[in-house]
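K.L.:
coordinates only, sequence not included:
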Ligand SMILES: O=P(O)(O)OC[C@H]1O[C@H](O[C@H]2O[C@H](CO)[C@@H](O)[C@H](O)[C@H]2O)[C@H](O)[C@@H](O)[C@@H]1O
Ligand SMILES: O=c1ccn([C@@H]2O[C@H](COP(=O)(O)OP(=O)(O)O)[C@@H](O)[C@H]2O)c(=O)[nH]1
Ligand SMILES: [Mg+2]
């Protein structure tokens, strides 16, 4: 039976050695807590790190480690202390984490830790490949494993791979600072589906892909040469019932509450004070220090709340080998001390601070006891604590104050949404929360709970997995039209048998790959020789049919006596003959259009005009991709209005807009060329929109091939110019 393989840096259980025995505890953090229920309900395995390094596990306990993980349907990846230093504390948490959370001043770019990141991703790949069976689906999680999808895809192109990023994907301006930005993007693009918590992270990622790798991005699909990668947003949910049921049980036994006991013991004798909850891993992205300062500001701005409120703050130890986390710990300790010192009275401590992780029961206790939750991350991928808090409010009372910088804020608009840097706003939100009438609390939570209950973690995972399966369907369509070996054999058979053959070859993007400056795309010796060989075969005609001007084509092919068609059919150079115009055309319209194009060149850096006898082309390959597309559609509109009265047409090529007589196109050129001649083998190959005319206008028995995966009227497609060379070689050898 096929299975789902979940892969994340950390397994849902963490192993420790206690008294020479292996002890397992649940992992903390949104990814592990959220995915746990998905894993529990599947027949899949979870691959990841146990929390113990190779050096920490004595030889006699190795089997026990494997047993403890297998028991939980997990497979351990063995990592050394050096791996953890370079990969986890290094590249993952000193480079990617700060950079992706916009903490650029904390971001380190160290070659050694990058190398370690590469090596550890390879170690993960090895374990995954050892465990994959036919038909399995792979789901890779998070920023520690961004190279893994491509490593798996390379070995197992048959397997569907999903990737989900649990943290924000930063804007292109931030992401581009990473020295290994291309490698990271290419690693991720090994996936068939890439998921983010929010649409903003998704569009940032797509923008980086189109700017850095220059791939075609259309809405939420990235077209690679042989595959389509789908990108979408799936806001992660929680195991709603688990939290609400635990809360219901807990309410029934309220006097068991640790907080309650504390109050009963008169450690603090202001039992009526409203409790404001704060829970996070001790992480600078969570805005804990700012939160304490904002609380201080609140007590100053509204002193009437002294002794009436209390901040209950749980900070869970995290990544404490990273210096920034150690500094933060010190800062928080000092802040708590200072503020308690400043405001405390004999009967009241303004902040109760816990620095440790708590078992589930105690978390529920905190969630249910506190009237307000104050969560103020500076940046947060999602923030599941916000969702868990709302889920535990069984009587629907309680107020959530949430930072707009958390992914969760996008779905939780009924919460009090604040800017974590605006103390004024936080202080006012705290006042509003404490004084909020119960009816309003209930109204807000009703909406929030309804949404959280419906889009729970199970629904989230199912949604992702369904989309992932759908991508297999997309690849099937791709596979169907991609030229297969047997179809290729059939074509060469027909070629060999035919007594009169013609090949129409487009130039740019077909015989030669695109370069930034079109003048640099001259044919290499190999190409000249191949075309000459095919041309010299008996009863064979090769026609290069291009949008280029005749001078360039003529110079490049002056020593190869084939037929050349330039400017989409305006000019023709027959075998052994001279260039001649094929139609009577006017070009007086150019004086009107040229100044318009010049204006667009001035406003759009990186673009330029190519002038031909009967057409003008505006090239935008080197412009910013978004701006280029926008300006192209703007220009296209302006030109279409103008062309209506002039019999002009605007051709939308590959990063070029060409304005010319609308009656001229490659379809007409090939039709005229074959008219009255009885070719028994007809072949046409081209890469862009202007080549579609030839695919459409050639008779049905022609072999028509598109270069690159795009919508086409051609019968087949091949991946790229290298594959075109292979085909030419086979023609030459036939
Ligand atoms: O494994 P650690 O280094 O100890 O860190 C714990 C986890 O923290 C991060 O959680 C994120 O995922 C949550 C769920 O999608 C999301 O709500 C939160 O905003 C994120 O920060 C991290 O992404 C995980 O890989 C870590 O395991
Ligand atoms: O002592 C604790 C405190 C928190 N959590 C859990 O840790 C997760 C934190 O996830 P969140 O998305 O809020 O932030 P992350 O730590 O992943 O950045 C939540 O599911 C909490 O229930 C926990 O297991 N033990
Ligand atoms: Mg072309």
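P.N.:
Structure's in. What do you need? In this text, all values refer to a predicted model and were calculated from it rather than measured experimentally. Ligands and ions are numbered 1, 2, ... in the order given.

K.L.:
At the contact with ligand 3, which residues of this structure appear?
P.N.:
Residues of the chain lying near ligand 3 by Cβ under 5 Å from the ion: 506, 508, 509, 687, 688. Heads up, the C-betas are built off the backbone N, CA and C, glycines and all.

K.L.:
tell me, how many neighbours does the closest residue in space to the third one that isn't next to it in sequence end up with?
P.N.:
With sequence-adjacent residues excluded and distances taken as Cβ to Cβ, 6 or more residues apart in numbering, residue 509 is closest to residue 687, at 3.5 Å. Taking other Cβ atoms under 10 Å as the neighbour definition, residue 687 ends up with a count of 27.

K.L.:
got it, and residue 467?
P.N.:
Going by other Cβ under 10 Å, the residues that sit close to residue 467 add up to 16.

K.L.:
Tell me the confidence at it?
P.N.:
pLDDT, residue 467: 93.

K.L.:
That one: what's it in contact with?
P.N.:
Residue 467 sits next to 193, 195, 230, 232, 234 when contact means Cβ atoms under 8 Å, 6 or more residues apart in numbering.

K.L.:
can you pull out the helices in the stretch 251-400 of the chain?
P.N.:
Here the stretch 251-400 of the chain has its helices, by DSSP state H, counting those that start in this stretch, at 258-264, 288-301, 323-343, 360-369, 384-391.

K.L.:
any chance of those helices in JSON lines, plus mean pLDDT and distance to residue 75?
P.N.:
Converted to JSON lines, the helices of the stretch 251-400 of the chain look like this (pLDDT from 0 to 100; distance: least, Cβ to Cβ, whole Å):
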{"stretch": "helix 258-264", "mean pLDDT": "63", "distance to residue 75": "36"}
{"stretch": "helix 288-301", "mean pLDDT": "98", "distance to residue 75": "35"}
{"stretch": "helix 323-343", "mean pLDDT": "97", "distance to residue 75": "29"}
{"stretch": "helix 360-369", "mean pLDDT": "93", "distance to residue 75": "25"}
{"stretch": "helix 384-391", "mean pLDDT": "98", "distance to residue 75": "25"}
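
K.L.:
do you know which of those helices lies nearest residue 87?
P.N.:
Nearest of those to residue 87, taken as Cβ to Cβ: helix 323-343 at 16.7 Å.

K.L.:
Make sure residue 579 is actually in contact with residue 570.
P.N.:
No - taking Cβ atoms under 8 Å as the definition, residue 579 is not a contact partner of residue 570, at 10.0 Å.

K.L.:
who has more neighbours, the two?
P.N.:
Legend: neighbour count by other Cβ under 10 Å for residue 579 and residue 570, higher for residue 570 (23 against 14).

K.L.:
Please tell me how far the more buried one sits from residue 139.
P.N.:
54 Å (Cβ to Cβ, to the nearest Å).

K.L.:
Kindly report the same for residue 319.
P.N.:
Residue 319 is 24 Å from residue 139, by Cβ to Cβ.

K.L.:
Looking at these two, which is more packed in?
P.N.:
Taking neighbours as other Cβ under 10 Å, residue 319 and residue 139 compare with residue 139 leading, 27 against 18.

K.L.:
what pairs with the helix or strand in which the more buried one is found, and is each one parallel or antiparallel?
P.N.:
Using DSSP states H and E, residue 139 maps to strand 137-141. Counting by DSSP bridges, the strands paired with strand 137-141 are strand 4-10 (parallel), strand 160-164 (parallel).

K.L.:
Mean pLDDT and mean neighbour count for those - can I get that in JSON lines?
P.N.:
Formatted as JSON lines, the strands paired with strand 137-141 follow (pLDDT from 0 to 100; neighbours: other Cβ atoms under 10 Å):
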{"stretch": "strand 4-10", "mean pLDDT": "95", "mean neighbour count": "23"}
{"stretch": "strand 160-164", "mean pLDDT": "98", "mean neighbour count": "24"}
